[in-house]
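In: I would like to see how this sequence folds:
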Amino acid sequence: MNKDNLIHNSTRTHEELSEMGRKGGVASGLARRAKKERTQDLQAVVNRCTYNEVIGMLLKNKK
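Out: Numbering: from 1, shown residues only. Got it, this is the predicted structure:
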């Protein structure tokens, strides 16, 4: 990262800061929903499988 390319927030306009905040909020929401979906999918798999099957899947994915 080149420090010459960075712009301090104190030099940005209110509109720029609002837009950046809005984009960050949208991205955060997408990431949170994706994480929740992955967690629910994993929980569904765990509920359908036996303990040994789950351990086997986890060990297989580590390789």
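In: going on from the top helix by length along the chain, what's the next piece of helix or strand?
Out: Selection of the longest helix in the chain by residue count, based on DSSP state H, yields helix 14-48. For helix 14-48, the following helix or strand on the C-terminal side (DSSP states H and E) is helix 51-62.
In: List the neighbours of that following helix that are in contact with it.
Out: With C-beta atoms under 8 Å, 6 or more residues apart in numbering as the contact definition, helix 51-62 has outside contacts at 45-46, 49. All C-beta spots, glycine's among them, are computed from the backbone N, C-alpha and C.
In: before we move on, the earlier item: quick check: angle from the longest helix of the chain to helix 51-62?
Out: Relative orientation of helix 14-48 and helix 51-62, computed by axes from the mean of the first three to the mean of the last three C-alpha atoms, to 10 degrees: 130 degrees.
In: Do me a favour and average the pLDDT over helix 14-48.
Out: Per-region confidence: helix 14-48 scores 93 on mean pLDDT.
In: Now find how far off-centre it is within its chain.
Out: For helix 14-48, the gap between its own C-alpha mean and the chain's C-alpha mean amounts to 6 Å (C-alpha atoms, centre = their mean, to the nearest Å).
In: can you check stretch 51-62 too?
Out: Once both centres are worked out by C-alpha atoms, centre = their mean, stretch 51-62 turns out to sit 24 Å from its chain's centre.
In: Columns neighbour count on top of the contacts of helix 51-62, output as a markdown table?
Out: As requested, the contacts of helix 51-62 are exported to a markdown table (neighbours: other C-beta atoms under 10 Å):
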| residue | neighbour count |
| --- | --- |
| 45 | 12 |
| 46 | 13 |
| 49 | 13 |
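In: nearest to residue 5, of the residues you listed?
Out: Within these, distances to residue 5 taken as C-beta to C-beta reach their minimum at residue 45, with 44.0 Å.
In: and that closest one, what does it touch?
Out: Residues counted as contacts of residue 45 (C-beta under 8 Å, 6+ apart) are 54, 57.
In: hmm, try it at 10 Å
Out: 53-54, 57 (C-beta atoms under 10 Å, 6 or more residues apart in numbering).
In: Most neighbours among the residues you listed, please name it.
Out: Tallying neighbours with other C-beta atoms under 10 Å puts residue 54 at the head of these, with 15 neighbours.
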